[in-house]
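J.: got a structure for you, letters missing:
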């Protein structure tokens, strides 16, 4: 695991503040109003706690989101570390903003998130704000925002798991409060498996540490996180899978290794009873190696690295008016090698990216009525040069856009709330979309994307029932898609003039008795191209995509389950379903669907006394195997579910 140290100094910055309740302190200064549901506002916001994560035996954040019906994930490798989030019809994994302890962890080059390096075992809560949220949280929040707060509660524990296909997991947590005003917490999580088929092994190690000081009205936190993951893409199919015509597209020898680390220093304080402020300095580094073997048996190696600094700051007046500014500067390098008897570098590009924005937000309550409005002025600048051809001219590109969002809601009859929200979100093209990579596809004439989302919802919440329903509509202007020849996959990035996503989400948690709770989530999304005429891959004609379905956007996704507790025993069952969908790159909808699939998760736990928990987790209980038919003669890069996996575990609290 890569080690990283940094000397942090206080600078003007902005962060999500946390609610930290231990040793009698409570510090509140949230940007998400109010994900914890503690202040009477909950509207469209939703929260998943550490207890929820543990109840379903989830290893990763996308795993949690699917099991609670918020989003579905696509899997291209069969590894639990390799998920692409699909939320309300957004399918590329680039349309969600993810904040971890105040630092945006989306990669600077294409806004994706390496989920495997987020320490899921150390999460206190995930605060979820759906819809176009860029006016407050930065460019790219088309589907929504995930604010992840890691745990600072004093705890000492160890965890050990073992399972089928060589699965093993080991972890520990060590934390305490000392000298009255100081705390520390250290969490380590290591999981690995030999894999379900040849070349499908993986390893993931995550370490997070915190050190802090607090008083009655201020708090200083130093965070450090590092992660190292390694995946070998599966190749060899079982005999049953071959008989069922199951395909796996990634050839033998392909692998991926990613190392990340994050350090940030956060200060939460107050000038007086009215004014509060948050300061944050964050530093992130990421290195990724992708080795692949083509069907012609040529071997290539792609190396990507990123180093970024974020400076963020926020000032709040009476928790009603918020003023802030954030800035992020990233250095990105992309290298490509032909691998034979020696490494031959054929591509070496360096890009600097700057993102900066002032923003403001107003939030207030007038009896049962609340109002929230935010505005943000985003600017994104690129400069790129070629490290191989130094005589090539540098390339520059700039994008700027004003985004805003708002929400109005009404609390009535104590338990009921209704709300209406509207938001606009801005996203600049990734540098690889603009300038291409070793495979081409660049288009320097690309425009930025703009998503406009409106939603209406109701929620009913009391000690026994948590019910939520909302309908939404999202229109994206100039959405970027990659139009490719489905046989060769060569093509170019283009702005589709307009896309549309309509749907609704329904979720309910009902406590039937003190021992029995049921829950269900249903999501319906219809994702279509609108007024979309693009150039086809031959560059000799155009294609009118208007009315066609967006690939990898299933219309229905649902889950339902039950939690049952009796004495020292507990049982959790979750059934998941994902509807059929067109395969990636099948924009013209002329090939076979990737079929619908479902799978069941089970968790049985026994707690003989406080501090000891024994459990069994079973993934894909009925061992469903799914047919991923060929696309134009080539296998689909899609593995909807892995084989049945059973894991036994033990956790001790001291």
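T.: Alright, I've got the coordinates. Worth saying up front: this structure is predicted, and the values here are computed from it rather than measured. Numbering: from 1, shown residues only.

J.: quick one: the helix or strand residue 379 falls within to chain centroid distance?
T.: Assigned by DSSP states H and E, residue 379 belongs to strand 369-386. Chain-centre distance of strand 369-386: 19 Å, with C-alpha atoms, centre = their mean, to the nearest Å.

J.: How about stretch 581-596?
T.: The answer for stretch 581-596 is 24 Å, by C-alpha atoms, centre = their mean.

J.: Could you pull out the buried residues of that stretch?
T.: 581, 582, 583, 584, 585, 586, 587, 591, 592, 594 (16 or more other C-beta atoms under 10 Å). All C-beta atoms are positioned from the backbone trio N, CA, C, and that covers glycine.

J.: which residues does residue 375 bridge with?
T.: Beta-bridge partners recorded for residue 375 (DSSP bridges): residue 360, residue 404.

J.: Can you check the pLDDT for it?
T.: We have a pLDDT of 91 for residue 375.

J.: check contacts around it.
T.: 135, 359, 360, 361, 402, 403, 404 (C-beta atoms under 8 Å, 6 or more residues apart in numbering).

J.: for residue 481, same thing?
T.: Counted by C-beta under 8 Å, 6+ apart, residue 481 has contacts 493, 494, 496, 534, 587.

J.: and the third one, what are its bridge partners?
T.: If I follow you right, that is residue 496. residue 479.

J.: Please tell me I have it right and it contacts residue 479.
T.: Yes: between residue 496 and residue 479 there is a contact under C-beta atoms under 8 Å: 5.0 Å.

J.: how about the nearest residue to residue 357, chain neighbours excluded?
T.: Among residues not flanking residue 357 along the chain, residue 378 sits closest, at 4.6 Å (C-beta to C-beta, 6 or more residues apart in numbering).

J.: For the host helix or strand of residue 434, which outside residues touch it?
T.: Per DSSP H and E, residue 434 falls inside helix 431-435. Helix 431-435 has contacts (C-beta under 8 Å, 6+ apart) with 109-110, 332, 334, 349, 351, 353, 382, 384, 395, 397, 441-444, 446, 480, 493.

J.: Sitting in helices, which of those do you find?
T.: Within the contacts of helix 431-435, no residue falls in helices by DSSP state H.

J.: Would you write out the ChimeraX command that picks the buried residues out of these?
T.: Buried subset of the contacts of helix 431-435, written as a ChimeraX selection, criterion 16+ other C-beta under 10 Å:
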select :109,110,332,334,349,351,353,382,384,395,397,441,442,443,446,480,493
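
J.: Are any of the contacts of residue 375 buried, and if so which?
T.: Applying 16+ other C-beta under 10 Å to these, the neighbour count classes 135, 359, 360, 361, 403, 404 as buried.

J.: Make sure the fourth one is actually in contact with residue 136.
T.: Right, the one you point to is residue 361. Yes: at 5.8 Å, residue 361 and residue 136 qualify as touching, with contact defined as C-beta under 8 Å.

J.: Check what pLDDT residue 240 gets.
T.: At residue 240, the pLDDT recorded in the model is 55.

J.: Averaging pLDDT per element, find the lowest-scoring helix or strand in the chain.
T.: Within the chain, no helix or strand scores below helix 239-243, which has a mean of 49 by mean pLDDT, DSSP states H and E.

J.: ok, whichever helix or strand comes after that one: who's next to it in the sheet?
T.: Toward the C-terminal end, the helix or strand that comes next after helix 239-243 (DSSP H and E) is strand 255-270. Strand 255-270 has its sheet partners listed here by DSSP bridges as strand 219-232 (antiparallel), strand 275-293 (antiparallel).

J.: Can you say which of the ones you listed is packed in most?
T.: strand 219-232 (a mean of 22; mean count of other C-beta atoms under 10 Å).

J.: Let's test this: mean pLDDT of that one, rounded?
T.: Here the average pLDDT along strand 219-232 is 90.

J.: pLDDT averaged over stretch 616-626 - what is it?
T.: Mean predicted confidence for stretch 616-626 is 83.

J.: so how far is that stretch off the chain centroid?
T.: 24 Å.

J.: One more: stretch 95-110?
T.: Counting by C-alpha atoms, centre = their mean, stretch 95-110 comes out at 8 Å from the chain centroid.
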